[in-house]
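[1] Sequence first, then the predicted structure, then my questions.
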Amino acid sequence: MEKILVLDFGGQYNQLIARRVRDFNVYAEIKPYTVSLDEIKKENYKGIIFTGGPNSVYDMSSPHYDKAILDSGVPVLGICYGCQLICYMRDGKVESASTSEFGMIDMTVDKRESLLFSDIPDSVVWMSHTDYISQAPEGFEITAHSDACPCAAMENPAEKIYAVQFHPEVTHSEYGNKLLENFIFKICGCSGDWQMESFIDSTVNSLRERIGDKKVILGLSGGVDSSVAAALLSKAVGNQLTCVFVDQGLMRKDEGDFVENTFTKLFDMNFCRVNCGDEFISRLKGAVDPEDKRHIIGDAFYEVFWNKVREEGDGGFFAQGTIYPDCIESGKGDADKIKTHHNRVKMPEDIKFDGIIEPLKDLFKDEVRRVGELLGIPKELVWRQPFPGPGLGVRIIGEITEEKIKVLQEADAVFRDEIAKSGLESELSQYFAVLPDVRTVGVMGDHRTYDHLIAIRAVTTDDFMTADFARIPYDVLARVSSRIINECDNVNRVVYDITSKPPGTVEWE
Ligand code: XMP
């Protein structure tokens, strides 16, 4: 398989670079700059992209790389810091400007016949730098400039080394994608034959080979990643796969049944649903502190899950829905540390497996979704909005009771239904109802009521680190409010949460 290496020097757009390359049906993987040159050589990469990074090449602590990488004959493209690093490695001159060049900048192409700039006119590019190349290294030609940046791009085509000061991977660079396409196809000579269909075929084959006639066990949450992993494993080994689905009674309305129906009807596997809502509620009795509740739910979940796995007996493989962003080692800080993630669960020592299987560990989220669609998982599951592990437990403020779960499930179902009907689903990143521990006075007919308050929350965000409350049209809000009060017992008031993150969080607890 042809591959491009994205060598990570700690820039913020590194995953985006890999995504852009993959959009051209060429597999790209990200490795931290601490990876050895020998390891890189072993992989037969078709090309290497040096990413940006927050440092200056002259800082003692800034990430550098073995100069020999530029002599290996593999085409290299340096971006931003990566561009300056190439200059530094080849004894050119990098200097610090008195002011930074930041934002959308007009770039002039100086070498029209450059392969990298094929079909790229003078255009706007995204710049974000203070250091700049004041003298290109020997053997390099400057191929583009801007008013403030004498060397916006340089190249040594004989050695297939190219470098750009701007960020072609961000959409603000008008012809950024074209530039990456030129690098991948015209310079690296890739053919672009990496496709999701072939990913599925080759993964299924290698899963069959590895698993043989052994069994596989997978914890299925009903979330996108574990669902797609389940479908892929089912295609590979059918009923050698057992999926354990712990229904803690804190799912959304009818969600447990939907997950069970999907996987028992559409896929060949042993599906094992553990209904333990009552046990969770009794363990949660009296707990009101958000962290206490989270711990109780988390501990109970793992206890129930691993007990079920123990019943299945030792041996065979343990599968997880880990995806690529969960495993990328960052070029920033401690590059040896792999990010821990809730998808990667800790295993009790008494349970022995022949190995761990993570069939999606090379895919980004949208690629996982694509695989899910191709495998026939229903759209509502593949495009499911994020749902926290502790479920409705973090959306019921105060003590969790069966009655409150029911009220919240009904209100949440109405809200989701209205969002679907208004066609707003794809515009919202997450939307749900919350049950604060509040009762308010109201009037229904001639009667005074004293009932639950429901809060509804809808946010837009790219990464969930920050978020804004969604500007849902008033008429949609009005329908949601009216339906919740009419259709949900014991609710007499609805409020809309207009807090952004920060200072708020997406969830209420
Ligand atoms: P917050 O509330 O931290 O949420 O702004 C950001 C995103 O994370 C989800 N979330 C969780 N997911 N276990 C999870 O698996 C949790 O305990 C948890 N808490 C929050 C939240 O739904 C949102 O998408």
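    Everything's here; your move. Numbering: from 1, shown residues only.

[2] Just say helix, strand or coil for the closest residue to Glu141 other than its chain neighbours.
    Leaving aside its sequence neighbours, Glu141 sits nearest to Glu155 (C-beta to C-beta, 6 or more residues apart in numbering; 6.0 Å). Bear in mind the C-beta positions are built from the backbone N, C-alpha and C, glycine included. With DSSP: H, G, I helix; E, B strand; the rest coil as the basis, Glu155 sits in strand.

[3] Now do Glu155, the pLDDT please.
    At Glu155, the pLDDT value in this model is 98.

[4] Tell me the bridge partners for it.
    Glu155 forms beta bridges with Glu141, Tyr162, as assigned by DSSP bridges.

[5] Show the contacting residues for it.
    Lys111, Ser114, Leu116, Phe140, Glu141, Thr143, Ile161, Tyr162, Ala163 (C-beta atoms under 8 Å, 6 or more residues apart in numbering).

[6] now with 7 Å?
    Contacts here follow C-beta atoms under 7 Å, 6 or more residues apart in numbering; on that basis Glu155 touches Ser114, Leu116, Phe140, Glu141, Thr143, Ile161, Tyr162.

[7] Pull out the buried positions in the one helix or strand Ser482 maps to.
    Using DSSP states H and E, Ser482 sits in helix 474-487. When burial is assessed from 16 or more other C-beta atoms under 10 Å, helix 474-487 yields the following buried residues: Val476, Leu477, Arg479, Val480, Ser481, Arg483, Ile484, Ile485.

[8] cool, and stretch 444-454?
    In stretch 444-454, counting by 16+ other C-beta under 10 Å, buried: Thr449, Asp451, His452, Leu453, Ile454.

[9] before we move on, the earlier item: now, which of the buried residues of helix 474-487 sits nearest the ligand?
    Lowest distance from the ligand to the buried residues of helix 474-487 (C-beta to the nearest ligand atom) belongs to Val480, with 19.6 Å.

[10] Leaving out sequence neighbours, find the closest residue to the closest one.
    Val480 sits nearest to Glu418 (C-beta to C-beta, 6+ apart), 4.8 Å away.

[11] quick one on the thing from earlier: can you tell me which of the contacts of Glu155 are buried?
    By 16+ other C-beta under 10 Å, the contacts of Glu155 give Ser114, Leu116, Phe140, Thr143, Ile161, Tyr162 as buried.

[12] From what I see, the fourth one and Thr108 are in contact.
    This points to Thr143. No: counting by C-beta atoms under 7 Å, Thr143 sits too far from Thr108 to count as a contact (10.1 Å).

[13] Could you list the residues of the chain in contact with the ligand?
    Residues of the chain lying close to the ligand (C-beta under 6 Å from any ligand atom) are His342, Pro386, Pro388, Gly389, Pro390, Val394, Gln430, Phe464, Lys501, Thr505, Val506, Glu507.

[14] Go again with 5 Å.
    Pro386, Pro388, Gly389, Phe464, Thr505, Val506, Glu507 (C-beta under 5 Å from any ligand atom).

[15] With neighbour count, pLDDT and secondary structure as new columns, can the residues you listed be given to me in TSV?
    Formatted as TSV, the residues of the chain next to the ligand follow (neighbours: other C-beta atoms under 10 Å; pLDDT from 0 to 100; DSSP: H, G, I helix; E, B strand; the rest coil):
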residue	neighbour count	pLDDT	secondary structure
Pro386	12	94	coil
Pro388	19	95	coil
Gly389	16	93	coil
Phe464	13	88	coil
Thr505	13	95	coil
Val506	20	96	coil
Glu507	16	97	coil
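
[16] and Thr108, what are its bridge partners?
    Here Thr108, judged by DSSP bridges, has bridge partners His145.

[17] what sits against it?
    Counting by C-beta under 7 Å, 6+ apart, Thr108 touches Asp122, Ala144, His145, Ser146.

[18] What distance do you get for the last one to the ligand?
    Remark: distance between Ser146 and the ligand (C-beta to the nearest ligand atom, to the nearest Å) = 38 Å.

[19] my guess is that residue contacts Gln165, does it?
    No: using C-beta under 7 Å as the test, Ser146 is too far from Gln165 to be in contact (8.3 Å).

[20] hey, what's in contact with both of those two?
    Ala152.

[21] When the two are compared, which one has more neighbours?
    Between Ser146 and Gln165, counted using other C-beta atoms under 10 Å, Gln165 has the larger neighbour count: 32 against 21.

[22] pretty sure the more buried one contacts Cys80?
    Yes: counting by C-beta under 7 Å, Cys80 is a contact partner of Gln165 at 6.3 Å.

[23] Pull up the overlap in contacts between the two.
    What both Gln165 and Cys80 touch, as defined by C-beta under 7 Å, 6+ apart, is the set His129.

[24] Show me what the helix holding Ser482 is packed up against.
    Packing partners of helix 474-487 (3 or more C-beta pairs under 7 Å, 6 or more residues apart in numbering; DSSP states H and E): helix 402-421, strand 491-496.

[25] In CSV: these, plus distance to Ser128, mean neighbour count and mean pLDDT.
    Formatted as CSV, those follow (distance: least, C-beta to C-beta, whole Å; neighbours: other C-beta atoms under 10 Å; pLDDT from 0 to 100):
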stretch, distance to Ser128, mean neighbour count, mean pLDDT
helix 402-421, 36, 19, 98
strand 491-496, 37, 20, 98
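
[26] Is it possible to get a markdown table of the ones you listed that adds distance to Lys308?
    Converted to a markdown table, those look like this (distance: least, C-beta to C-beta, whole Å):
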| stretch | distance to Lys308 |
| --- | --- |
| helix 402-421 | 22 |
| strand 491-496 | 36 |
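
[27] To Ile281, which of the ones you listed lies closest?
    Closest of these to Ile281 is helix 402-421, at 5.8 Å (criterion: C-beta to C-beta).

[28] State the distance from the closest residue to Glu509 other than its chain neighbours to Gln248.
    Once flanking residues are discounted, Glu509 sits nearest to Pro290: 3.9 Å by C-beta to C-beta, 6+ apart. Distance, Pro290 to Gln248, by C-beta to C-beta, to the nearest Å: 17 Å.

[29] Glu279 in helix, strand or coil?
    Secondary structure assignment for Glu279 (three-state DSSP): helix.

[30] Starting from Arg283, give me the distance back to the closest residue to it other than its chain neighbours.
    Nearest residue to Glu279, sequence neighbours excluded (C-beta to C-beta, 6+ apart): Ala300, at 6.9 Å. Per C-beta to C-beta, Ala300 is found 5 Å from Arg283.

[31] Repeat that for Phe183.
    56 Å.

[32] Near the nearest residue to Asn44 once chain neighbours are set aside, how many other residues are there?
    Leaving aside its sequence neighbours, Asn44 sits nearest to Lys3 (C-beta to C-beta, 6+ apart; 7.6 Å). By other C-beta under 10 Å, 16 other residues sit near Lys3.

[33] And Lys3, its phi and psi?
    With angles defined as degrees, to the nearest 10, Lys3 sits at phi -140, psi 150.

[34] List the beta-bridge partners for it.
    Bridge pairing for Lys3 - DSSP bridges - gives Tyr27.
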